[in-house]
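J.: Model the structure of this input:
(one chain, ligands or ions: 2)
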Amino acid sequence: METEKKYKLSGQVHVKAMELALSLCEPGSSLLEIAERTENFIRKQGAIPAFPVNISINEVAAHYSPIIDDTSEIPDHSIVKIDLGVAVDGFITDAARMKIFDSKFEKLKTSAEHALFAALKKINDKVNVYEVGAVVEKTIRKEGFKPITNLSGHSLGQYSLHDGLSIPNYGKNKKLWKPKDVFHKNNAYAIEPFSTTGKGIVIDDDLETIFIHYSQLRNTPSPQAREVFVYIKKHFYGLPFSPRWLVEKFSKKQIEQALEELTEQHVLHGYSVLKEITNKPVAQAEDTIFLKENGKKVILTRKKVSNS
Ligand code: MN
Ligand code: MN
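T.: Residues are numbered from 1 along each chain as shown. Ligands and ions are numbered 1, 2, ... in the order given. You can find the predicted model right below:
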């Protein structure tokens, strides 16, 4: 099957998985249940989660995925970002949607969505990534919010979630526009504006809920950690994973000790939960597009696959 077809298939699974996740997301519902049911649904479609389901609430911008035995629930009066990844033979679609449980977030939510639509419209194989960033920034500022400048969209590759090119959420300064930073045909890109009522910067929280296989073993790990490492290497294809995905095979204690040992040795990398620096609410909207050989683009993560 050709690349474009696999991306389209990945996008079709994504659309259905997102529908399920959003339908499960209500105040009081369990984050763990939303994540696991959605991840299992993706697997049943013959795909794999390209990363653990992210459920980021209020000032948390990204990288919160339920932990083992997570007991947290969707709070009342919250803004929730659900960010999913689907991989079909390694071809990844990555998109995020929001649910708000208080009308005070309506304008914030739509500012991120408007920025996404404006960015998608702007993209072609001649435009600079910062021109797209400028459109994102302008749209969000015009609506009275700030873009988050240290989060960005990204190119996608086979089994590669961030494949080299970043698409910033700012870009008014034309000095930034380098000729090499352009979109390429036959490539997929995730575009993801974030907006906030805060300062527009995210910082690392102490918690890490998502990990990735980062480099080969250098030091000799304990036999228990080695066992976990071999499993991770075999099953997660170098894509981000959740410690939850290890519980059917290992005890919670062994998982925790192995993660600690292997991140210490930089064999694994743990992603920190990212939150807005002033603890203000954050909105995110994301879609994956594929730029075809003829220059046209396909929004892969929308129900009606639109060609333009
Ligand atoms: Mn995403
Ligand atoms: Mn992304």
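J.: Quick one: the strands in this protein, in order.
T.: 48-57, 60-62, 79-88, 91-100, 146-147, 153-156, 166-167, 187-191, 194-196, 202-213, 268-276, 282-284, 287-291, 297-299 (DSSP state E).
J.: which parts of the stretch 101-250 of the chain sit against ligand 2?
T.: Neighbours of ligand 2 within the stretch 101-250 of the chain, by C-beta under 5 Å from the ion: 190, 192. (Glycine included, C-beta is placed from N, CA and C.)
J.: Please parse the chain into its domains.
T.: Listed by automatic domain parsing, the domain ranges of the chain are 2-204+272-307, 208-271.
J.: is the first one up against ligand 1 anywhere?
T.: Yes. On the criterion C-beta under 5 Å from the ion, domain 2-204+272-307 is in touch with ligand 1 at 83, 94, 96, 286.
J.: rewinding a little: okay, the domains of the chain, which one's buried deepest?
T.: With neighbours taken as mean count of other C-beta atoms under 10 Å, these reach their highest mean count in domain 2-204+272-307, at a mean of 19.
J.: what's the angle between the longest helix along the chain and strand 287-291?
T.: Secondary structure of the chain per DSSP state H: the longest helix is helix 3-24. In terms of direction (axes from the mean of the first three to the mean of the last three C-alpha atoms, to 10 degrees), helix 3-24 departs from strand 287-291 by 170 degrees.
J.: For stretch 64-72, give me every contacting residue.
T.: With C-beta atoms under 8 Å, 6 or more residues apart in numbering as the test, stretch 64-72 has contacts from 30-32, 34-36, 51-57, 207, 209-210, 242-244, 247, 252, 255, 273.
J.: Show me what the residue nearest the centre of the chain bridges to in the sheet.
T.: Of all residues in the chain, the one closest to the mean position by C-alpha atoms, centre = their mean is Asp83, 5.1 Å from it. Per DSSP bridges, the residues bridged to Asp83 are Asn54, Ala96.
J.: quick one: it from ligand 2, how far?
T.: Distance, Asp83 to ligand 2, by C-beta to the ion, to the nearest Å: 7 Å.
J.: Helices of the stretch 101-250 of the chain, residue ranges please.
T.: Taking DSSP state H, counting those that start in this stretch as the test, the helices found in the stretch 101-250 of the chain are 106-122, 129-142, 223-235.
J.: Dump the ones you listed to JSON lines, plus mean pLDDT.
T.: Output for these, formatted as JSON lines (pLDDT from 0 to 100):
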{"stretch": "helix 106-122", "mean pLDDT": "98"}
{"stretch": "helix 129-142", "mean pLDDT": "97"}
{"stretch": "helix 223-235", "mean pLDDT": "96"}
